[in-house]
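**Student:** Please find the sequence and the predicted model below.
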Amino acid sequence: SESLHKAAFSESWLAFEKRLFTLLEKPTSSKTAYLIAIFFVICILLSTLTFALSTLEEYEDNVGLAICEILFNVVFTAEFFLRLVSKLSCLNELISVGSQPMPGR
């Protein structure tokens, strides 16, 4: 019973990983994936703009720009971890292969 539960969880986790990977890496796969891609592109553009503005003297100590930069860092960190989660099974495979002794040793 426990092994069946683990197998079902494993299958559902792999399906979740695949769906998440598709959403993040293939913007033409669905309308949601397209909107996510557009959101990240807009965040990149706005983050670049806020960074550039923060170098100007009149915006040097602007609290609004600082808050924007923090929010963009949160968004980009979340994106990074979502991409990492979408490839956990590949990472586990690499780790398990890397921990095996080399033939002939």
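**Tutor:** Happy to help now that I have it.
**Student:** can you tell me the helix or strand for V75?
**Tutor:** V75 belongs to helix 63-85 when elements are defined using DSSP states H and E.
**Student:** Can you spell out which helices and strands pack onto that helix?
**Tutor:** helix 2-25, helix 31-54 (3 or more C-beta pairs under 8 Å, 6 or more residues apart in numbering; DSSP states H and E). C-beta: built from backbone N, CA, C; applies to glycine.
**Student:** In TSV, list the ones you listed along with distance to E60, mean neighbour count and mean pLDDT.
**Tutor:** What follows is the helices and strands packed on helix 63-85, written out as TSV (distance: least, C-beta to C-beta, whole Å; neighbours: other C-beta atoms under 10 Å; pLDDT from 0 to 100):
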stretch	distance to E60	mean neighbour count	mean pLDDT
helix 2-25	35	12	82
helix 31-54	7	13	96
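**Student:** residues near A78, how many?
**Tutor:** Per other C-beta atoms under 10 Å, the neighbour tally for A78 reads 10.
**Student:** coming back round to it: got the buried residues for the helix holding V75?
**Tutor:** Using 16 or more other C-beta atoms under 10 Å as the test for burial, helix 63-85 gives 65, 68, 72, 75.
**Student:** one step back: looking at the helices and strands packed on helix 63-85, which is closest to L84?
**Tutor:** helix 2-25 (10.3 Å; C-beta to C-beta).
**Student:** Can you list the neighbours in contact with that closest one?
**Tutor:** 29-30, 32-33, 36, 79, 82-83, 85-89 (C-beta atoms under 8 Å, 6 or more residues apart in numbering).
**Student:** got the CA positions of that helix in CSV?
**Tutor:** The C-alpha trace of helix 2-25 is given here as CSV (Å, rounded to 0.1, in the frame of the first residue of the first chain):
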residue,chain,number,x,y,z
GLU,A,2,2.8,2.4,0.9
SER,A,3,4.7,1.6,-2.3
LEU,A,4,1.5,2.3,-4.3
HIS,A,5,1.2,5.6,-2.6
LYS,A,6,4.8,6.5,-3.3
ALA,A,7,4.4,5.5,-7.0
ALA,A,8,1.3,7.6,-7.3
PHE,A,9,3.0,10.5,-5.7
SER,A,10,6.0,10.0,-7.9
GLU,A,11,3.8,10.0,-11.1
SER,A,12,1.9,13.0,-10.0
TRP,A,13,5.1,14.9,-9.1
LEU,A,14,6.6,14.1,-12.5
ALA,A,15,3.4,15.4,-14.2
PHE,A,16,3.6,18.6,-12.1
GLU,A,17,7.3,19.0,-13.0
LYS,A,18,6.5,18.5,-16.7
ARG,A,19,3.6,21.0,-16.6
LEU,A,20,5.7,23.6,-14.7
PHE,A,21,8.7,23.2,-17.1
THR,A,22,6.3,23.6,-20.1
LEU,A,23,4.8,26.7,-18.6
LEU,A,24,8.2,28.3,-17.9
GLU,A,25,10.2,27.2,-21.0
